[in-house]
Every structure is written in structure tokens, then in C-alpha cells.
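Participant: I'd like to go over a predicted model; first the sequence, then the structure.
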Amino acid sequence: MEIELLQSLAVATGIGLLVGVERGWRERKAGAGMRTAGIRTFTLSGMLGGIFGAIAEVLGDPVGGGIVLAIGFVTFAAIFATYRLREIEHDKTFGATTVIAALATFAAGAYAVVGDEVAAAAIGVAIVIVLAAREATHDWLKRITWPELRAAIVLAAMTFLALPVIPDESYGPFGGVNFRQVWLLAVILAAVSFVGYAAVKRFGAGQGLLVASAAGGLVSSTAVNVMLARRAAAGEAHVRLLAASSIVASGVSHLRTAGLIIFLNPAVALYAVGPLLVAAAAATAIAYWFGRDQLSARAKSAFTLRNPFSLREVLALAALLAVVKFGTGAASEFFGLAGALVAAVIAGLADTDSITYSMAELGRGALASPVAAVGVLLAVAANTAFKIGSGWALGGSAFGLPLALGLAVPVLAGAALVPFLLV
């Protein structure tokens, strides 16, 4: 028991030391006696929280222990805030961060003794990360636009407010629709769109078509393909580099589909991920082959993503996912295996995400995992055929021929792996 208590107190002291190092470094230019707290004070703050936690534990009474902790916390807060107020008045500045950090350090130190050491240590690390990120956070707030902030708020609300209250049950015939799972996938896709948008903004169009197209592939490789085909028709860049950029976007899309299926249904992923990874690797190699001579030209890209996402689009996507899930379930019920696979091909012409979700759900019982995996791969193949056709029609044969080679060969290479997985 004594060893465990000493370990907990060591964690509490370590939390204070960790926070103190960050605070001490930030105030390192201040002279002796010119700051409220540094390494030693914060280290002692964490230790003090641990000591009060130990006293509360020794009492053996939850109520009495809680009172002791409350008295210790309030007393510590009053003393620390008083000295911090004097410092602020002397420096003629404003800021409550140091006080809040001290209170959090005391509380984390106490929790290391009365609660979970690992969780308390994680809290301590999180405190330091938040404190150390001041400059980056302030710079980010200066550069972020209102649409970007609004999208981030919507994404947070979707994740932390709406998702927990959506019932985790299936409704309706043909296996029904689980609205919680539909919403969760919509959250994931919205997050992917946001990351893709941030990547383009971070690297900029000047980094080239390949970087921008790869980021765009996280959102919609079909949209990227259409944009590049139109640029090819307008003669805005070398067609081989444009084709390579579209192939890269398609390769990223394969990786995204693999990630989704792993998350949604690992049993189906066991059969689908291998071909998708082979296709992604082949697409990357072919894209490099087509674009290698043009990379030195540092071609500029005018491609920019639209605003990360809107709530209306997210709700529309969620509705589409539910409809596709219901449709494929009904096709499977009435027409059996053939109906489900035909539905996969039709849905895949426009979008692979919805059919990936649907097949992952059907793979939980309505369809065998290998069959559901084949449905996902058929949707990817159908989507690839659509991109080849639209790219050739919009961009001409000079763009369409390398595009067809770069999109078809990876899918065929992945398909060649399927018989070995189904054995």
C-alpha cells in the first residue's frame, strides 16, 4: 500500500514538474522574485494536490475526503490567485492562464492519488500541450476564415452533440437502417473533407497539381478528375501531368475506401483491403511514371477546394447513405446475391462511399463477408470506368488515353488478387 501511495505521489509530482518546465521556460526572462510561479512552484503544486488526495484516502470516508479536497483546493486557489493578481497589477497585464494551469495541476495531482494514475498523467500531458500551443493557436485564429471556423464548429457539434443522442438501433425492413451508424459515417466523411481542405490550404496550389489532387482525392476523386479533364481541354497544363494528377487522386481514393471498410467491418476488410492497397500502390507508380518529366517544371495549380463542408451537404450525404443501404438491402432480399452486386455497380458509378457503407452493413449477416467485399470492389471498378469515360469525353484522347491506362491497370492488378483471397 505504501509503495502504491509513493508511486501515485511521484506521478502527481511529475505532473507538476512537467507543467512547471513549460511555465518556467515561458517566463525564463523574468528576474528572481518577479513571477508568481515557475518550475519549483508548479512541481510543489502537483505534489500538494497529491498530498491532499492522500489525506482524503486515509480518512476512508468519501464525504469527509471530499471536504478535505475541497478545502485544500479552495485554499490553494485563493493563495495562488492572490499572488498572481499582484503580479498582474505590477506588470499591468491581463491573463488567467497561469492560475487555471495551477488549479489544473493541483487537481491532476490529487486525481493521481484518489483516481487513476495513467489518466492523471495523460491529463498532465494535455495541460502542457495546451499551454505550449499558445502561439500556434493564436496564429491559427488570425488566419482562419469564418466559413472554416463554422465548418469546424459544425463538425464538432455533429460529433459531440448529435452523435451521442442518435439511437443505435436499426429501423425498417430489409435489415433496416441504423441512423447512428449512418451519422457516424457522415461525420467521418465530413472530417476527411475538412482534412483535405486544410491540406490544400496548408501546402497551397503552388506546390503543384499532384499535391492538390492527392488532397482532393480525400474528398472526391471524381470531382478532381472532371476538373483536370477540363484543364486538359483548355490546354492549361501538360496532359500527362494532368493525367498523373488524376491517377494520384484515384489512388488516394482507394486508400480512403480501404480505411472506411476497415473501420466499418474488419471481416469484409479482410477480403477487400488487399486489392485496394495493390490498386493504390500501382496508381502511385503509374502516376510517377507519367508525371516524372513534368515535375521539374513546377507546374502551378489553380485547384482549390471549396469550403470544407456545409450542414446541408452533410445531411444530404447522410440521407443518400440511408437510401443506398435500404436499396441494396431490398435488392439482396428480392433478387439475392445478383441483385446486391448489381446495386453495388449502379451505386458505384457516382460514389463509392455509400456502397462501401452498405456492403459493410450487409456483410454483418445478409451477405457473406467475401461477397460483400466483392460488392465494394465492383463499385470501385464501376466508379473507375465512369472516371475514364468522363475524362476521355471532357479532356480528349490525349488526356483520356494515359488516364485510362493509369486508372484501369491498378484496378485490374487489384482484381487479380481477389481469386487468391476467396480460396
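Facilitator: Sure, I can see it.
Participant: which is the next helix or strand following the host helix or strand of residue 98?
Facilitator: Per DSSP states H and E, residue 98 falls inside helix 97-114. As assigned by DSSP H and E, the chain's next helix or strand after helix 97-114 is helix 117-132.
Participant: the helix holding residue 98 to helix 117-132, inter-axis angle?
Facilitator: Inter-element angle recorded for helix 97-114 and helix 117-132: 170 degrees (by axes from the mean of the first three to the mean of the last three Cα atoms, to 10 degrees).
Participant: next, count neighbours for residue 164.
Facilitator: Per other Cβ atoms under 10 Å, the neighbour tally for residue 164 reads 9. Just so you know, the C-beta spots here come from the backbone N, C-alpha and C atoms, and that holds for glycine as well.
Participant: likewise residue 161?
Facilitator: Residue 161 has 9 nearby residues by other Cβ under 10 Å.
Participant: quick revisit: now do the helix holding residue 98: distance to the chain's middle.
Facilitator: Chain-centre distance of helix 97-114: 29 Å, with Cα atoms, centre = their mean, to the nearest Å.
Participant: can you dump the C-alpha coordinates of it into CSV?
Facilitator: C-alpha atoms of helix 97-114 as CSV (Å, rounded to 0.1, in the frame of the first residue of the first chain):
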residue,chain,number,x,y,z
THR,A,97,-3.9,31.1,-17.9
THR,A,98,-1.2,30.7,-15.2
VAL,A,99,-3.9,30.5,-12.4
ILE,A,100,-6.0,28.0,-14.4
ALA,A,101,-2.9,25.9,-15.1
ALA,A,102,-2.0,25.8,-11.4
LEU,A,103,-5.5,24.7,-10.4
ALA,A,104,-5.5,22.0,-13.1
THR,A,105,-2.1,20.9,-11.9
PHE,A,106,-3.3,20.6,-8.3
ALA,A,107,-6.4,18.8,-9.4
ALA,A,108,-4.5,16.4,-11.6
GLY,A,109,-2.1,15.7,-8.7
ALA,A,110,-5.0,14.9,-6.4
TYR,A,111,-6.6,12.6,-9.0
ALA,A,112,-3.3,10.7,-9.4
VAL,A,113,-3.8,9.5,-5.8
VAL,A,114,-7.6,9.2,-5.5
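Participant: state the mean pLDDT of that helix.
Facilitator: The average pLDDT for helix 97-114 rounds to 90.
Participant: buried sites along it?
Facilitator: Within helix 97-114, the residues that count as buried by 16 or more other Cβ atoms under 10 Å are 98-99, 101-114.
Participant: could you do stretch 352-365 as well?
Facilitator: Buried residues in stretch 352-365, counted by 16+ other Cβ under 10 Å: 352-363.
Participant: could you do stretch 266-279 as well?
Facilitator: In terms of neighbour count (16+ other Cβ under 10 Å), stretch 266-279 has its buried residues at 268-269, 271-276, 278-279.
Participant: can you list the residues you listed in TSV and add secondary structure, pLDDT and distance to residue 38?
Facilitator: TSV is the format used below for those (DSSP: H, G, I helix; E, B strand; the rest coil; pLDDT from 0 to 100; distance: Cβ to Cβ, whole Å):
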residue	secondary structure	pLDDT	distance to residue 38
268	helix	84	55
269	helix	83	51
271	helix	86	58
272	helix	86	55
273	helix	87	51
274	helix	88	55
275	helix	90	58
276	helix	91	53
278	helix	92	56
279	helix	91	56
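Participant: any idea which of those is closest to residue 122?
Facilitator: Of all the buried residues of stretch 266-279, residue 122 sits closest to residue 269, with 29.5 Å by Cβ to Cβ.
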